[in-house]
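Undergrad: I'll drop the sequence and a predicted model, then ask my questions.
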Amino acid sequence: SQTIHQWPATLVQPVGSPLSLECTVEGTSNPNLYWYRQAAGRGLQLLFYSVGIGQISSEVPQNLSASRPQDRQFILSSKKLLLSDSGFYLCAWRGDRRNTIYFGEGSWLTVV
Amino acid sequence: QKEVEQNSGPLSVPEGAIASLNCTYSDRGSQSFFWYRQYSGKSPELIMSIYSNGDKEDGRFTAQLNKASQYVSLLIRDSQPSDSATYLCAGNSGSRLTFGEGTQLTVNP
């Protein structure tokens, strides 16, 4: 069966520090992968999606970036965090052609 | 106009009642619709998907889709306190999935 994991689960980072969140999927090959962000009490905002190694589409211009160095690995990065980057970050993968997506456990980021 | 809009809530129902959650979407090309449940502090989990007009039932949950009205709903029968969560409606726009802001449901014992 397919599983998705992301880490770290929680982190507190100072403004201006770098960020790296990692996500891996097991049990499938060449999945579509997604990074979403959820601000407190809000819906999910799609940040990036990837249909293959090295292929990244950005949905929202910001100081975040994403990379997909391997088929089942998706990384979210920032060189300098802003206070507004705080939120719940969710990695997800597409399970079928109907666009059913499944989420990882999420990473809570607090920028102080 | 937001691509997916949900009734803002919060919604409170007594235990055993029917909870009704509603969602509208703007992209007439959307073909797939989903309801996710999100407990506080946790990631969303898929509870229902629907692709055709009409009703789809799964246990206590019924999803309804009306493409002419661009309307999706979720009914929860015999609501339980464990159903208390935020419910997210989502619809596809091409290969992307767009989410509403969610409706917070509280089921009171």
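TA: Received it, and whenever you're ready, just let me know what you need.
Undergrad: residue contacts, residue 7?
TA: Answering for chain A, as no chain was given. The contact partners of A:W7, taken as CB atoms under 8 Å, 6 or more residues apart in numbering or on different chains, are A:L21, A:E22, A:S107. For the C-beta atoms, the positions are set from N, CA and C on the backbone; glycine is no exception.
Undergrad: can you look at chain B instead?
TA: Going by CB under 8 Å, 6+ apart, B:N7 touches B:L21, B:N22, B:C23, B:T103.
Undergrad: related to what we said a few turns ago, the contacts of A:W7, buried ones only, as a ChimeraX selection?
TA: Burial among the contacts of A:W7 is assessed by 16 or more other CB atoms under 10 Å in any protein chain shown; the matching ChimeraX selection reads:
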select /A:21,107
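Undergrad: out of the contacts of A:W7, which comes closest to chain B?
TA: Comparing the contacts of A:W7 against chain B with CB to the nearest CB places A:S107 closest, at 9.7 Å.
Undergrad: quick check, B:T103 in contact with B:V13.
TA: No - the pair B:T103 / B:V13 is not scored as a contact, 11.7 Å apart, by CB atoms under 8 Å.
Undergrad: comparing these two, which shows the higher neighbour count?
TA: Neighbours per residue (other CB atoms under 10 Å in any protein chain shown) separate B:T103 from B:V13, with B:T103 holding more: 22 against 17.
Undergrad: tell me which residues touch the closest residue to that one other than its chain neighbours, please.
TA: Nearest residue to B:T103 in three dimensions, chain neighbours excluded: B:G9, at 4.1 Å (CB to CB, 6 or more residues apart in numbering or on different chains). Listed by CB under 8 Å, 6+ apart, the contact partners of B:G9 are B:G102, B:T103, B:Q104, B:L105.
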